[in-house]
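Asker: next come a sequence and a model predicted from it.
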Amino acid sequence: MPKVMGVLNVTPDSFSDGGKFDSVEAALDHARVLLIGGADIIDVGGESTRPGAERISTEEELARVLPVIEAINAELLATGRSDVQISVDTMNATTALSAVAAGAKIINDVSGGLADEKMFAVAAATGATLVISHWRGFSTQMDQLNQYLDVAREVGIELQGRIDAALAAGVAKHRIVIDPGLGFAKDMDQNWKLVARLDELQKLGYPILVGASRKRFIAGVLDAGLEAGELAAGSSGGISNERRDLATAVLTALLLQRPLWGVRVHNVVATKDAIAIVQSLRDSQ
């Protein structure tokens, strides 16, 4: 069964939970909720990658994530939770290096090393697990970069290029995880085609992390009246987080037909429930 990576956004502007956990105390409380729910990984992010989000400085990102990572790491050590890892969701090599020094074991780079050419060197030097996502451009431009003839095949080819670059930089093969980058430079239909053809990524021979939680392509299915233009603009279409979480859990259960390394989600409990049901069904067979 896959690892469950719980999302902890310490940002004021993330699309579904911006501003909820932007103090160390609130972030630590939410980390505890994720842990009680059964999270295997806490993914701490300080820069929003929602559609249209503007970049922030590395200094601002560090100020947001480092105190939180340090606090979570201290609590994990104090409670003997060696089974739980901290991940840093960042596109900046400087932030990644500082986060690993503070206790993070995983670098989750949604840009796949394209936003900062030093990222792979940092991953190699620290020995951290590196999540390489498919990505074509920053949030302000990604919706204009979704031209594909065969989205699953092209994502696989482009990911292989990033894997090759990581290996050349000294990242150990067994430390690499790949992510299809759902929602990044992909429209609603392309996201669903990619989800349906994860076999193209399996061919690469690396563990796969899927992050579909609460994303626009899920909301678009739940609200048939949501127009393509609204999706491109990041509209929620009036779909609550509760409905998105249920839909995410259903999708997770269906995706478990494939051997996933992990799923990145906001609602850990719903995801763990879905995994438990699938496991019980398998055991009964």
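Answerer: Yes, it's here.
Asker: what about T140, distance to V155?
Answerer: The gap separating T140 from V155 is 21 Å, by CB to CB, to the nearest Å. C-beta: built from backbone N, CA, C; applies to glycine.
Asker: those two: which is more packed in?
Answerer: Neighbour count, other CB atoms under 10 Å: between T140 and V155, V155 has more, with 28 against 12.
Asker: helix or strand for the more buried one, which one?
Answerer: helix 151-168 (DSSP states H and E).
Asker: buried residues, that helix. List them.
Answerer: For helix 151-168, burial by neighbour count (16 or more other CB atoms under 10 Å) applies to V151, A152, E154, V155, G156, E158, L159, Q160, R162, I163, A165, A166.
Asker: show me where the stretch 1-150 of the chain has its strands.
Answerer: Along the stretch 1-150 of the chain, the stretches classed as strands by DSSP state E, counting those that start in this stretch are 3-9, 41-45, 85-89, 106-109, 129-133.
Asker: could these be laid out in JSON lines, adding mean pLDDT, mean neighbour count and distance to A253?
Answerer: Listed next are the strands of the stretch 1-150 of the chain as JSON lines, based on pLDDT from 0 to 100; neighbours: other CB atoms under 10 Å; distance: least, CB to CB, whole Å:
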{"stretch": "strand 3-9", "mean pLDDT": "97", "mean neighbour count": "25", "distance to A253": "13"}
{"stretch": "strand 41-45", "mean pLDDT": "97", "mean neighbour count": "26", "distance to A253": "19"}
{"stretch": "strand 85-89", "mean pLDDT": "98", "mean neighbour count": "26", "distance to A253": "23"}
{"stretch": "strand 106-109", "mean pLDDT": "98", "mean neighbour count": "27", "distance to A253": "23"}
{"stretch": "strand 129-133", "mean pLDDT": "98", "mean neighbour count": "26", "distance to A253": "22"}
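Asker: who wins for proximity to L62 among those strands?
Answerer: Across those, L62 has its closest neighbour in strand 85-89 (10.4 Å, CB to CB).
Asker: what's the distance between the nearest residue in space to L76 that is not next to it in sequence and V265?
Answerer: Distance criterion CB to CB, 6 or more residues apart in numbering; nearest residue to L76, sequence neighbours excluded, is V84 at 5.7 Å. With distances taken as CB to CB, V84 is found 15 Å from V265.
Asker: one more: R64?
Answerer: R64 is 21 Å from V265, by CB to CB.
Asker: rewinding a little: tell me the one of the buried residues of helix 151-168 nearest G181?
Answerer: So of the buried residues of helix 151-168, ranked by how close each gets to G181 (CB to CB), first place is V155, at 7.2 Å.
Asker: same list, the strands of the stretch 1-150 of the chain, but as a markdown table with distance to V195 please.
Answerer: Output for the strands of the stretch 1-150 of the chain, formatted as a markdown table (distance: least, CB to CB, whole Å):
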| stretch | distance to V195 |
| --- | --- |
| strand 3-9 | 17 |
| strand 41-45 | 20 |
| strand 85-89 | 21 |
| strand 106-109 | 19 |
| strand 129-133 | 14 |
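Asker: so which of those comes closest to D223?
Answerer: By CB to CB (comparing all of these), the closest turns out to be strand 3-9, at 22.1 Å.
Asker: what's that closest one packed up against?
Answerer: helix 24-37, strand 41-45, strand 262-265, helix 268-284 (3 or more CB pairs under 8 Å, 6 or more residues apart in numbering; DSSP states H and E).
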